[in-house]
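1. I need the structure of the sequence given here:
(chains A and B)
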Protein chains: 2
Amino acid sequence: MHLELQSGALPTSCLIQNMRLGIAQLNTTVGDLSGNRRKILDAYHALVAQGAELVVFPELVVCGYPPRDLLFKSRFIPDVAQTTREIAAEIGAVPAVIGTIEANPTGQGRSAYNSAAFCQHGHITQFARKCLLPTYDVFDEDRYFEPAKEPTIVEFNGRRLGLTICEDIWTHQAITTRRFYEVDPVKTLSTKRLDLLLNLSASPWHSTKENVRHELVAHTARACACPVVYVNAIGGNDELIFDGRSMITDASGQLLAGLAAFREELRVVQVGRTVPGEPPYTHATFAPHELRDIHDALVLGLRDYAQKTGFKKALLGLSGGIDSALTAVIAAEALGPKNVIGVSLPSVISSQHSKDDARILAQNLGIEYHTIGIADTVASAEQALAPIFAGRARDIAEENIQARARGLLLMAISNKFGALLLTTGNKSELAVGYCTLYGDMCGGLAVISDVFKMQVYALSRWINREKEIIPASSIEKPPSAELRPDQTDQDSLPPYELLDAILKGYVEAGLSRRDLIAQGFDAAVVNDIARKVDLNEYKRKQAAPGLKITPLAFGVGRRIPIVQKYVS
Amino acid sequence: MHLELQSGALPTSCLIQNMRLGIAQLNTTVGDLSGNRRKILDAYHALVAQGAELVVFPELVVCGYPPRDLLFKSRFIPDVAQTTREIAAEIGAVPAVIGTIEANPTGQGRSAYNSAAFCQHGHITQFARKCLLPTYDVFDEDRYFEPAKEPTIVEFNGRRLGLTICEDIWTHQAITTRRFYEVDPVKTLSTKRLDLLLNLSASPWHSTKENVRHELVAHTARACACPVVYVNAIGGNDELIFDGRSMITDASGQLLAGLAAFREELRVVQVGRTVPGEPPYTHATFAPHELRDIHDALVLGLRDYAQKTGFKKALLGLSGGIDSALTAVIAAEALGPKNVIGVSLPSVISSQHSKDDARILAQNLGIEYHTIGIADTVASAEQALAPIFAGRARDIAEENIQARARGLLLMAISNKFGALLLTTGNKSELAVGYCTLYGDMCGGLAVISDVFKMQVYALSRWINREKEIIPASSIEKPPSAELRPDQTDQDSLPPYELLDAILKGYVEAGLSRRDLIAQGFDAAVVNDIARKVDLNEYKRKQAAPGLKITPLAFGVGRRIPIVQKYVS
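-> Residues are numbered from 1 along each chain as shown, chains lettered A, B, ... in the order given. As a prediction, this is how the structure comes out:
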């Protein structure tokens, strides 16, 4: 998908013919005010040196997004304000528009605004406040911010710039299925004869969201009859992955430039017409590639989680199965193979092919590899429990002892070597609780907990597209937790294709059992799966944070009570 | 504190002289629509039989509070609406005011209102919608509901009843430190010459909140110059504990009746004047007793968590220390001693006095008691790790193996016997991460995770006020995790009195390091504690849900990013 660069006539309402805009698509760390200040100023100076006439940063770039309850710390708002003033002090004749927090001076309502600071000649000359505060999914902005009644227009060199922040442009009927807001900043701005509309965003990615955003920005440009500069954050912050993909469109919504996906970029883009001899702006960024995007997102999410928390090394258990294999591939790409430790923890039940597959994967990736048997630890635990378990049949308790012995050993290695333990469970398993709390759920980050099992297969095949990195047998053998002899996942679960389809309906779309049965799914299967999803909320409450790649991930964007009895 | 019952003259604007109000202070389960329907109707019929002329229920009593993202399930709102109609169908000439969810028919904004349904003669005759939607602390109502622009007045038998829901009356300047809202329902209602104001609440308790509420209700009565009927939910729902303490005041704010704390109660109260021969209404409910209240709250929270999730038995590790002792006392009261299993899990390091104290406590409580040694399990794990750990000194990794071996064994017992494992860590420990993830943090419910260590002492002494239930040596000996020989907590932490004071400032009040140092705390200690609190956010992310008893508990009401670098 390569769109033609529009070089010709613009609507007459657009007066910007030849302005060079600097876009700073930065990866900041939440709360790292001095580090973020340095990044912002470095980017500003670099873009000015490249000829930018105006430099635009993402939403809340000074404090990182989302700062969450840091906003309630007594000095956070003044500290961010102070940092913003320090940044402004170094801004020269070329103005910068910087996402930041502005204290609410009225003493009424929430303590702050989510604002854009227009800075020039050493000062903040104007603030533009966000009107629409998302309070759904992972967003809690009503908890923190006061909304503005209408968007702000800044006059600069005789040009009228409309300043909006993220959600302010998410009002198009075709895109948002429900209208949440009484005000429509785009509609307001469309009557103001703007020369340019800026949108400062921190818009977390989920699969295919980039296309929605592109449509939205194009719509906004057409509605306001002016070019739009959309600057998005990149980077991983806890569960959220920001993909960047900043963009500029002309007044007709045609894409003039698309910035990189999943990495930082500084770019100067000329708005209005092209300069002869310059290559046309590229936007491969928006070419759809779902699997590559998911892969890149997970690599970024893991890398940032590790780097921003100070971990150089990661550690994971390698079962020989596909989930741990995929996680290992992502870890090796994120941190470098030499910083990844794979540990095989076979039990008496583990099959030879599982042990082989784990070892071959580690070889293929070039990661550190160890084998630690769990048989003695399991036997000792069972021995210790023998008096109290006397006369009772073996059951899930013994299966879980194996998983928890592995967790114990992996955490010991994590503690000893300062390596971040990764959990390797996928979304399908986590949904139905096919995982052991304090066992295979041990770890600081759940890399693929928002990836359904069928996507795990697709990603693994995509990773193997040129050569076999993940052993083919890990992909092809029947999946098994290997906690009982000859166990397969399908002893207790329907085929993953069916399971995933039901989970997408029940978990992601919020459909009821009745809805799903009406769609043709088997009632017994639906009831069993729905019951398992509901029952296992307590496990997910204690799960590691997981990287979000779908519109609805387990975690901060899904808030189901643990104790509840709703059956629909 | 016993307030005199006002039996004399009421302000002339109040026309209610002799109305019998039925208050249904119920404990519902979130999402249990058929169970809640039964409870509501049973309460209605009982109160009508006792002569009630109007029956009032708590906020969202039909679906339980808080339903959270159940509201996003496709059939939840229609199912609640249908249940409400079924309830209304059984309401006779005596009306009932029932907290429920009302679908938003406009297609604009959020899908629902948080409403009170006024039901009579088999129908819902009117809805009153909540105006003020709390979106702070544990509350996320902006995520779910549309606000009403103003409160609703219902005319009934020639009387004007003002209907408000919970937050609608939380606007008094003296009580709420910041004004969050542009509308003030109490102010609006104060101009409407009401005969009676109803408030349907689901107001979760924290220590001493009952006095704030009393003041608020009294203020509301005076502002509106009419009696106020305040009906609160009771019961535990996940982290939240609702204390009930429904009340009625006369128009001067004088308390006419206070219902029970921490238990269900149905009561008919005559508003306006007393009937000769009836005893004066009691309200021991509002006599301050902080320790008893915390104790009663924790017992209720644990009992409801277990009962509503279907656990009959609870299980916990008994270390001989004060935290597990206090947790065991609460568990024995909540579930009965015969349903509590205490397990001592001594290591080679465990002192004899710890083992003795654990055993004596179990005897004192009459709970089931077992001893399981962990030495062999720990030795097997260390043996398995020996090759990979070769040449490295013993450190925290080995200490954690002990804690995790205990977790593994306790979870095996929990799995085998279907007993809910309780974690026993206190708020001070959880704040600074003085606990082992997947070790002593294992468990489905954290009973005292919102109780500071100094409060643990105070509660334990209060429990022993008549006889020694918790062994005195558990209270008096220097606290120790016993993960190293001769270890005490104060090897790595300041004295608990100091630690708790710093934590109250840093965690609960949101004070900065600078603020605390300015208050006179030692800078090195403050920096060390603040760093530990920040670093251990990842542990708390995976902690069991904990019962909330303070204004700011770890959990759903405190949302700090894991990856963040803010230092203030």
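
2. and the nearest residue to A:Tyr144 once chain neighbours are set aside, how many residues sit next to it?
-> Nearest residue to A:Tyr144, sequence neighbours excluded (CB to CB, 6 or more residues apart in numbering or on different chains): A:Leu71, at 4.8 Å. In short, each C-beta sits where N, CA and C put it, glycine included. Look at A:Leu71: counted by other CB atoms under 10 Å in any protein chain shown, it has 21 neighbours.

3. wait, what's in contact with A:Leu71?
-> Residues in contact with A:Leu71 (CB atoms under 8 Å, 6 or more residues apart in numbering or on different chains) are A:77, A:101, A:111-112, A:144.

4. Likewise for A:Arg75?
-> Under the criterion of CB under 8 Å, 6+ apart, the neighbours of A:Arg75 are B:512, B:514-515, B:568.

5. from what I can see A:Arg292 touches A:Arg465, true?
-> No. A:Arg292 is not in contact with A:Arg465 according to CB atoms under 8 Å; the separation is 10.0 Å.

6. more crowded one of these two?
-> Using other CB under 10 Å as the criterion, A:Arg292 and A:Arg465 rank with A:Arg292 on top: 14 against 8.

7. quick one on the thing from earlier: who wins for most neighbours among the contacts of A:Leu71?
-> A:Ile101 (27 neighbours).

8. Model confidence score at that residue, please.
-> Here the pLDDT value assigned to A:Ile101 is 98.

9. same deal with the one 4 residues further on?
-> With respect to pLDDT, A:Pro105 has a value of 90.

10. mind listing the helices in the stretch 351-500 of chain A by residue range?
-> All helices of the stretch 351-500 of chain A, identified by DSSP state H, counting those that start in this stretch, fall at A:352-365, A:375-389, A:396-417, A:427-432, A:453-463, A:472-476, A:496-503.

11. now for these, which one comes closest to B:Val229?
-> helix A:427-432 (44.0 Å; CB to CB).

12. what about that closest one, distance to the chain center?
-> The chain centroid and the centroid of helix A:427-432 are separated by 19 Å under CA atoms, centre = their mean, to the nearest Å.

13. do stretch A:46-57 as well
-> Per CA atoms, centre = their mean, the centroid offset for stretch A:46-57 relative to its chain is 28 Å.

14. Same question for stretch A:88-107.
-> The answer for stretch A:88-107 is 27 Å, by CA atoms, centre = their mean.

15. Then stretch A:500-510?
-> Mean C-alpha position of stretch A:500-510 versus that of the full chain (CA atoms, centre = their mean) differs by 20 Å.

16. and the residue nearest the centre of chain A, what helix or strand is that in?
-> Residue closest to the average C-alpha location in chain A (CA atoms, centre = their mean): A:Ile241, at 2.2 Å. In the assignment (DSSP states H and E), A:Ile241 maps to strand A:240-243.

17. does that strand come close to chain B?
-> No. Strand A:240-243 is not in contact with chain B by CB under 8 Å from any CB of the partner chain; minimum separation 9.6 Å.

18. Show me what that strand is packed against.
-> With contacts defined as 3 or more CB pairs under 8 Å, 6 or more residues apart in numbering or on different chains; DSSP states H and E, the packing partners of strand A:240-243 are strand A:234-237, helix A:290-309.
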